[in-house]
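Visitor: just a sequence and a predicted model for now, questions to come.
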Amino acid sequence: LVAVHEDGMRLITDTVVATLSRTEGKPPWDRLEVACVAHLSVLLKGGDRLKAVMRNVPLKSHPSRDHITELRDAYEAIFARLLGDLALPRGTDRHALRLMLLGAMNWSFTWYRDGAETPEYIARKFLAMLRTRLDIGA
């Protein structure tokens, strides 16, 4: 299970980081969109190992739990930085926003059906709804 987590987290992290490296100088919302598209593309097209990473986290008492938590925290820090770059309304809880966005994306594998909508479409739809709700336009 630890090896599957390491492999899955490496794949999704490397993909998002590589994709973001090609967006230097782009507006913050565009960078966040690119990261979300990359995240969902890997998650929804990356096979069972990514689904295992999303579903199976060892119990708190398991010795590998801390290591897996560190991997996830390092990955989530990418999104924390991206959200930190956004001009958001005063008082926006960026921590809760990150949890909500990643939670929505990470749960999509439970309802996603290949061919109905693309990962790109889903990511852009999520962000469009988020931007509209934050009253900052699309």
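Guide: Looks like it arrived, so ask away. These figures come from a predicted structure and were not determined experimentally.
Visitor: how about the strands in the protein?
Guide: Ranges of strands within the chain: none, based on DSSP state E.
Visitor: now do the contacts for residue 37.
Guide: 19, 119-120, 123-124 (C-beta atoms under 8 Å, 6 or more residues apart in numbering). To be clear about C-beta, it is placed using only N, CA and C from the backbone, and glycine gets the same treatment.
Visitor: hmm, which of those residues are the buried ones?
Guide: For those, a burial check counting by 16 or more other C-beta atoms under 10 Å picks out 19, 119, 123-124.
Visitor: residues near the closest residue to residue 123 other than its chain neighbours, how many?
Guide: Among residues not flanking residue 123 along the chain, residue 36 sits closest, at 3.9 Å (C-beta to C-beta, 6 or more residues apart in numbering). Neighbours of residue 36 under the rule other C-beta atoms under 10 Å: 25.
Visitor: residues in contact with residue 36?
Guide: Contacts of residue 36 (C-beta under 8 Å, 6+ apart): 101, 105, 123-124, 126-127.
Visitor: circling back: quick check, nearest of the contacts of residue 37 to residue 25?
Guide: residue 19 (14.6 Å; C-beta to C-beta).
Visitor: the closest one and residue 32 touch, don't they?
Guide: No: contact criterion C-beta atoms under 8 Å: residue 19 and residue 32 do not qualify, at 11.5 Å.
Visitor: and the contacts of residue 36, which two are the farthest apart?
Guide: Among these, 101 and 124 lie farthest apart (C-beta to C-beta), at 12.9 Å.
Visitor: nearest residue to residue 112 other than its sequence neighbours?
Guide: residue 44 (5.2 Å).
Visitor: I meant residue 7, not that one.
Guide: That would be residue 49: by C-beta to C-beta, 6+ apart, it lies 6.0 Å from residue 7.
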